[in-house]
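1. pasting the structure only:
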């Protein structure tokens with residue numbers, strides 16, 4: 001409708017505008033802030049962010065956990081991180097539920113997220129309303145353009161001690177959730 005509410009207008013202004021019924025085609029863009037209240041760390045905050053707490057993984061640099069070349073040589077650290085971050089251990093936040101409510105009311109055009117945690121999906125948002133800019137845990141493939149692998153199978157392999165090795169052998173290549181990597 002051409003109506004816009006800026007961040008400085010506050011939540012009350014957003015609620016008032018939505019209540020008018022004059023709003024449709026709402027676009028939501030999210031980042032780490034909507035998931036940190038679910039106890040999921042952001043990536044870059046010094047001391048508490050994910051990259052600050054990967055020392056025990058024995059990485060040459062923190063971002064190597066999401067580096068495709070490093071993953072090809074040593075996938076074990078990534079699979080270990082997957083075990084820790086896999087959806088199901090965290091619950092959607094009020095922000096995720098709000099996005100789902102917008103969809104339920106027919107107001108949501110699209111939700112764009114930078115988050116890989118799949119909490120939008122856990123809140124019930126359908127895949128056709130979600131653009132996960134950095135990918136997420138909702139699907140998986142063999143890297144290098146290979147076949148799609150059922151995500152439940154990937155989860156079971158990651159949860160097993162070295163199950164990922166059997167999974168990779170079964171599919172003839174390294175399998176990972178469709179999270180965007182460097183490289």
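-> Here it is on my side, so go on. Worth saying up front: this structure is predicted, and the values here are computed from it rather than measured. Numbers count the residues shown, from 1 in each chain.

2. count of neighbours near residue 121?
-> Neighbour count of residue 121, defined by other C-beta atoms under 10 Å: 19. For glycine as for every other residue, the C-beta is placed from the backbone atoms N, C-alpha and C.

3. make that residue 44, sorry
-> 12.

4. and after the lengthiest strand in the chain, which helix or strand comes next?
-> Assignment by DSSP state E gives strand 135-142 as the longest strand of the chain. Past strand 135-142, further along toward the C-terminus, the next helix or strand under DSSP states H and E is strand 148-149.

5. for that next one, what is the distance to the chain centroid?
-> How far strand 148-149 lies from its chain's middle: 18 Å, per C-alpha atoms, centre = their mean, to the nearest Å.

6. do a quick rundown of the strands in the chain.
-> 26-30, 108-113, 130-132, 135-142, 148-149, 175-179.

7. now stretch 88-104: average pLDDT?
-> Average pLDDT, stretch 88-104: 95.

8. now it: buried residues?
-> 90, 92-93, 95-96, 98-100, 102-103 (16 or more other C-beta atoms under 10 Å).

9. again, but for stretch 32-51
-> 32, 34-36, 38, 40-43, 49-51.

10. check what pLDDT the residue positioned nearest the centre of the chain gets.
-> For the chain, the residue nearest the mean C-alpha position is residue 116 (1.6 Å; C-alpha atoms, centre = their mean). pLDDT recorded at residue 116 is 94.
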